[in-house]
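Visitor: sequence below, structure please.
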Amino acid sequence: MSKEVERTYQELIRTIQSREAISPTQQVILDRWIFAHKCMREDFIVGMPLEDKIMENFGVSRSTARNDISASNSYFLTNENIDKDLWRGRLVFWQLKGLALSYKADNMRDFNSGIKNLYLIIGLDRKDQKLDPKLLQQNVYNFFADPRRVGIKAVTESEVKDLIMQIDGISPLERKKLIEDADAYPDED
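Guide: This is a model prediction of the structure:
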C-alpha cells in the first residue's frame, strides 16, 4: 500500500476502534471493504474478477479496487482471526476449477491428483469426531431478583405465616415444614 492508502486505512481503523462517527467518505470505503470480503467469502471471487466486480459496483479504478481488497483482507482476516472456512472454501473452489479443466483436457493423472487434494482439503481423510453424550447436559439458570427493586410489594415472612396458618387439613408438622421452606423477605422494621 502507498503511504496515502496506508494513512487512510489507519484513520478508518482508528475511527472504528474508538467508536467515533464515521465520515461519509470513510463509510464508502468501509462499504467497499465489506463488499470485497463478502464476495471472497460467499462467492469465492478472487484476483481480477473481484477487482472487476468492485470497479463495476463502485465505479473506482483498478488500483483502488486492489487497495480495497488488500485493506479488506487486512481488516477482516487478521492473524488473530484467520477465517479457515473462507480459505477452505477458496481452495475447494480452485480445486474444482482445476478438476474441470483436467477432465476437459482428458488429463486423468492431474484429475486424480486433484481428487486427492480435494479429499484432503475437505477433511475426508480424518475420522469423524464422536461427541460423548455424557458431556451434554441441560443448562439450568437460576435468576434471583428482589421484587422490591422494581416496585413490586414483596411477601414478608409474617404474611407467609398468616397464609399458611389459614390452610385447613394439614398437620402441625406439615405446617411447620411449609413455614420453614417458604421463600419470603424479612419483615421490614
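
Visitor: C-alpha only now, for contacts and for neighbours.
Guide: Fine.

Visitor: for this structure, just list every one of the helices.
Guide: Ranges of helices in the chain, per DSSP state H, are 3-17, 24-38, 47-58, 62-76, 84-104, 108-122, 157-165, 172-181.

Visitor: and those helices as TSV, adding distance to D187 and mean pLDDT?
Guide: Formatted as TSV, those follow (distance: least, Cα to Cα, whole Å; pLDDT from 0 to 100):
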stretch	distance to D187	mean pLDDT
helix 3-17	50	82
helix 24-38	59	89
helix 47-58	69	85
helix 62-76	57	85
helix 84-104	59	82
helix 108-122	66	89
helix 157-165	6	84
helix 172-181	14	85
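
Visitor: I'd like the ones you listed laid out as a markdown table, including mean neighbour count and distance to V140.
Guide: What follows is those, written out as a markdown table (neighbours: other Cα atoms under 10 Å; distance: least, Cα to Cα, whole Å):
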| stretch | mean neighbour count | distance to V140 |
| --- | --- | --- |
| helix 3-17 | 14 | 36 |
| helix 24-38 | 18 | 38 |
| helix 47-58 | 16 | 48 |
| helix 62-76 | 18 | 36 |
| helix 84-104 | 15 | 33 |
| helix 108-122 | 15 | 37 |
| helix 157-165 | 15 | 27 |
| helix 172-181 | 12 | 21 |
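
Visitor: okay if I get those as TSV plus distance to G151?
Guide: TSV is the format used below for these (distance: least, Cα to Cα, whole Å):
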stretch	distance to G151
helix 3-17	39
helix 24-38	45
helix 47-58	55
helix 62-76	47
helix 84-104	50
helix 108-122	58
helix 157-165	18
helix 172-181	25
